[in-house]
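Student: A structural model of the following input is requested.
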Amino acid sequence: MPGQRKRKRQQRVAGRGSLGAGRWEVLLETQDESEWHAHLRLLRAGRERIDWSMTRVDTCCGRLMQATTYRLSLFVPGPGPGPGGEQSGP
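Tutor: Okay, here's the model as predicted:
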């Protein structure tokens, strides 16, 4: 069926956006591409498993004036809204 793959991908991305309350925690930020690739290899081969559907990769292209920056972030769910719609927790 035409467009089915695109539709499923959009639904997955929309599901990630509805993760609820939380924050993005930066795991790595570097301007060295070899360090970036080495860190990703270590994460994939490590004992601690990461839910890759909860990660975000940002590549900030610096062009001529600045170096390209690579950032890997992990979504950390926060406390849900309390009574009255206020955030509960510390």
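
Student: For the spatially most central residue of the chain, list each beta-bridge partner.
Tutor: What sits nearest the mean C-alpha location of the chain, by Cα atoms, centre = their mean, is Arg56, with 2.0 Å. Arg56 has these beta-bridge partners by DSSP bridges: Ser73.

Student: pLDDT score for it?
Tutor: Looking at Arg56, its pLDDT reads 91.

Student: before we move on, what about Gly85?
Tutor: At Gly85, the model reports a pLDDT of 49.

Student: same deal with Gly22?
Tutor: Gly22 is assigned 85 on the pLDDT scale.

Student: Kindly provide the distance from the residue nearest to the centre of the chain to Glu33.
Tutor: In this view, Arg56 and Glu33 are 18 Å apart by Cβ to Cβ, to the nearest Å. Just so you know, the C-beta spots here come from the backbone N, C-alpha and C atoms, and that holds for glycine as well.

Student: swap in Arg47?
Tutor: Taking Cβ to Cβ, one finds Arg47 at 25 Å from Glu33.

Student: Look at the two and report which has more neighbours.
Tutor: Each of Arg47 and Glu33 has its neighbours counted (other Cβ atoms under 10 Å); Glu33 has more, 12 against 4.
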